[in-house]
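Colleague: Provide a 3D model corresponding to the input given below.
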Amino acid sequence: MSVATPILTVSPLNCALAGTAAMPHSNANADTNLRMLVSLPKLCGCAKPSKVVASVKAEESVKEQILDIPTKDGAMETFVCHPERGGPYPPVLFLMDAPGIREELYDMSRRLATVGYFVMLPNLYYRAGKDTKYGPDVLKHGSAEHTRMRAVRTKMTIPPVMDDIAAMIAWADCQEASKKGPVGTHGYCMSGPYSLAAAARYPDRIAAAASFYGTWLVSDAVESPHLTLGKAKGELYISCAEHDELAPLPMVEELKTLFAASGNGGELEMQMGVHHGFAFPQRWCYDKPAAERHWERLIALYRRRLG
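Modeller: Modelled structure (predicted):
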């Protein structure tokens, strides 16, 4: 792989959320959501990249960097990548699964960037400190890495992540390579609920949201994603695995009914014969046909709604 050092510029601190100004406000909730976003421009633009590289993947060239995006709770380390040439590109938020940030997710971000998107992959565990990346034993129950991850994961809730998403949208609006306007979001595992919740929280910015083997999308929690499906204006896509203890079939059947009643017009699709985690190339349960289908569904969704 050949590596070159590109020149990257970070936009000024006092930029405006140009993408929100032209968005229609259809109800009080949407107004509140947009006011929340408009209150965040002071967080964007001051992030200084801690690592800048350009990497070549197959026949496409991707510009990537790791930097800290300011949030009200601190600096959120974020992997950002987009095509090296052209632009600006529609912004996409890639929300990690429970095992956290790793090279596998960087590679998936790069793949999405090569087809024309400004991809942001945040470390959602940043509130717990910098030491929140885990080793290969993270999925082995009883291991030290699994215990360490679970200590952070079990404290995660939807409201703080919604603040993180607002900060990322505000920051993206300041970047020359990011196209102002509709935003896409997709989450895996624990972040499936975050992705769907974001579409409901920011309906005038999130035009497409996907959940892949999202966990407990129907629950008794006051912030359960099923309660707000009808608030999303963007297109929703929900992909479930047939074998998934964190999204059992009775829950999926209930979700189907609730989703149909929401009037969203999106899709809930069951992937038969596969397990939770099927899209991750390094996971024991990786299923290539289902994984490639996941890419086709995701990219088609973004093409329809983001361009």
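
Colleague: How are the strands of the stretch 101-250 of the chain distributed by residue range?
Modeller: Using DSSP state E, counting those that start in this stretch, the strands found in the stretch 101-250 of the chain span residues 118-122, 183-188, 206-212, 235-243.

Colleague: Can you tell me the strand partners of the shortest one and which way each runs?
Modeller: Put plainly, it is strand 118-122. Looking at strand 118-122 with DSSP bridges, its partner strands are strand 74-83 (antiparallel), strand 91-95 (parallel).

Colleague: The longest one too?
Modeller: Partner strands and pairing direction for strand 235-243 (DSSP bridges) are strand 206-212 (parallel), strand 267-275 (parallel).

Colleague: can you redo the ones you listed as a markdown table with mean pLDDT?
Modeller: Formatted as a markdown table, the strands paired with strand 235-243 follow (pLDDT from 0 to 100):
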| stretch | mean pLDDT |
| --- | --- |
| strand 206-212 | 98 |
| strand 267-275 | 97 |
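
Colleague: Point out the most buried one among the strands paired with strand 118-122.
Modeller: For the strands paired with strand 118-122, the stretch with the most neighbours on average is strand 91-95, a mean of 27; neighbours defined as mean count of other Cβ atoms under 10 Å. C-beta coordinates here come from the backbone N, C-alpha and C atoms, glycine included.

Colleague: what about it, distance to the chain center?
Modeller: Mean C-alpha position of strand 91-95 versus that of the full chain (Cα atoms, centre = their mean, to the nearest Å) differs by 4 Å.

Colleague: hmm, back to that, which of the strands paired with strand 235-243 is buried the deepest?
Modeller: Mean neighbour count, computed with mean count of other Cβ under 10 Å, is highest for strand 206-212 among the strands paired with strand 235-243, reaching a mean of 28.

Colleague: Render the CA-only coordinates of that one in PDB, please.
Modeller: What follows is strand 206-212, C-alpha atoms only, in PDB (Å, rounded to 0.1, in the frame of the first residue of the first chain):
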ATOM      1  CA  ILE A 206     -31.000  12.600   9.500                       C
ATOM      2  CA  ALA A 207     -32.400  11.600   6.100                       C
ATOM      3  CA  ALA A 208     -31.400   7.900   6.400                       C
ATOM      4  CA  ALA A 209     -30.800   5.700   9.400                       C
ATOM      5  CA  ALA A 210     -29.900   2.000   9.500                       C
ATOM      6  CA  SER A 211     -29.600  -0.600  12.300                       C
ATOM      7  CA  PHE A 212     -27.800  -3.800  11.800                       C
END
